[in-house]
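Q: take this sequence and fold it.
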Amino acid sequence: MIVAPHTSNWDFFVGLACGYGAGILSRWAYGFFVKSALFLGPMGWALRALGGIPIDRSAPHDAVQRSAELLRRRARYLLVITPEGTRRRTERWHAGFYHIAREAGVPVVPVAFDYGRRECRIGPALEPSGDADADLEALRRFYAGARARYPERFGPIRFQHESVAEVLARHGERLLGIPGVTGTGESRCGGRPCILVLVIRKTPELERRIPPELEGVPVEIRETGPIRPLDRG
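A: As a prediction, the model looks like this:
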């Protein structure tokens, strides 16, 4: 489940009120990401009691893998994510929720906080198709007209400024320098690149940290044994 727009601390309490008022959070176990720096002392205890899950933002791929495994293990569980990742205005959404849904094989359910109409809206479940642009367009249509508490802080709904092809052209050499990465390429959706593919070979020193320039780019990790070229299809 993703919730937006997220521009105020009040969104947390609005979300709890809406979730329990609709009878969703009282029937489903749930959790939500909070930056790990806040899990100190009494605040940490309170956050955990409310369902908070500490996340290390310097290791986004680790969070994707752990979250996907959590969703696969539990039949009735809501993982609530704010794709903006901040209350300040941002020009792109974090793509973690999209990676998690694809990895776990679960749908994305969008929820809109509309302060203009004083309501929370639950949208239709979105099954990630692998075509991130098309899926984001569906989310744009759902969130169109939703008024944030601070409208000037609600930025565009998109994942990244660069296309997959541009990322490969600019950063391909650096990607191949990551320990364990044996190849790069792209998956195609409708005849065009839409997902960056990293082919890795498991080694003891393999770092599963996605480089900063890839944050927001849909990434698929393919594990391989011996080094072999990626079949681009």
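
Q: all contacts plus neighbour counts: C-alpha atoms, from now on.
A: OK.

Q: break down the chain into its helices, ranges please.
A: Secondary structure of the chain by DSSP state H: the helices cover 10-21, 41-49, 60-73, 96-104, 132-143, 164-176.

Q: contacts only, for the closest residue to residue 127 other than its chain neighbours.
A: In this structure, residue 127 finds its nearest non-sequential neighbour in residue 107, 4.6 Å apart by CA to CA, 6 or more residues apart in numbering. Applying CA atoms under 8 Å, 6 or more residues apart in numbering, we find residue 107 in contact with 101, 125-128.

Q: try residue 103
A: 65, 68.

Q: the chain should start at 595 in everything you say after this.
A: In the new count, where the first residue is 595, that last one comes out as residue 697.

Q: next one: it from residue 627, what distance?
A: Using CA to CA, to the nearest Å, residue 697 is found at 17 Å from residue 627.

Q: how is this protein carved up into domains?
A: Using automatic domain parsing, the domain parsing of the chain gives 596-747, 758-818.

Q: turn those domains into a markdown table, columns for mean pLDDT.
A: Shown next, in a markdown table, are those (pLDDT from 0 to 100):
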| stretch | mean pLDDT |
| --- | --- |
| domain 596-747 | 88 |
| domain 758-818 | 63 |
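
Q: right, and residue 685 touches residue 746 too?
A: No: here residue 685 does not reach residue 746: they are 11.8 Å apart, not a contact under CA atoms under 8 Å.

Q: who has more neighbours, these two?
A: Neighbours were counted for residue 685 and for residue 746 using other CA atoms under 10 Å; residue 685 has more, 15 against 11.

Q: who are the contact partners of the more buried one?
A: Neighbouring residues of residue 685 by CA under 8 Å, 6+ apart: 749-752.

Q: out of the residues you listed, which are buried?
A: Among the contacts of residue 685, those buried by neighbour count (16 or more other CA atoms under 10 Å) are 749, 751-752.

Q: tell me which of these is nearest to residue 690?
A: Of all these, residue 690 sits closest to residue 752, with 12.5 Å by CA to CA.

Q: any idea how far that closest one is from residue 677?
A: For residue 752, the distance to residue 677 equals 10 Å [CA to CA].

Q: overlap in contacts of those two?
A: residue 687.

Q: test my guess that residue 716 contacts residue 702.
A: No: assessed by CA under 8 Å, residue 716 is found out of contact with residue 702, at 11.0 Å.

Q: and the two? which has more neighbours close in?
A: When residue 716 and residue 702 are compared on other CA under 10 Å, the one with more neighbours turns out to be residue 702, at 22 against 15.

Q: which residues sit in contact with the closest residue to the more buried one other than its chain neighbours?
A: Using CA to CA, 6+ apart and skipping residues adjacent in sequence, the residue nearest residue 702 is residue 720, 5.0 Å away. Neighbouring residues of residue 720 by CA under 8 Å, 6+ apart: 701-704, 729.

Q: can I get those in JSON lines including distance to residue 607?
A: Output for these, formatted as JSON lines (distance: CA to CA, whole Å):
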{"residue": "701", "distance to residue 607": "24"}
{"residue": "702", "distance to residue 607": "22"}
{"residue": "703", "distance to residue 607": "19"}
{"residue": "704", "distance to residue 607": "17"}
{"residue": "729", "distance to residue 607": "28"}
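
Q: can you get me a residue count around residue 780?
A: 21.

Q: I should have written residue 647 there, sorry.
A: 18.

Q: any idea how far residue 601 is from the closest residue to it other than its chain neighbours?
A: Leaving aside its chain neighbours, residue 647 sits nearest to residue 627 (4.8 Å; criterion: CA to CA, 6+ apart). Applying CA to CA, the value for residue 627 to residue 601 is 16 Å.
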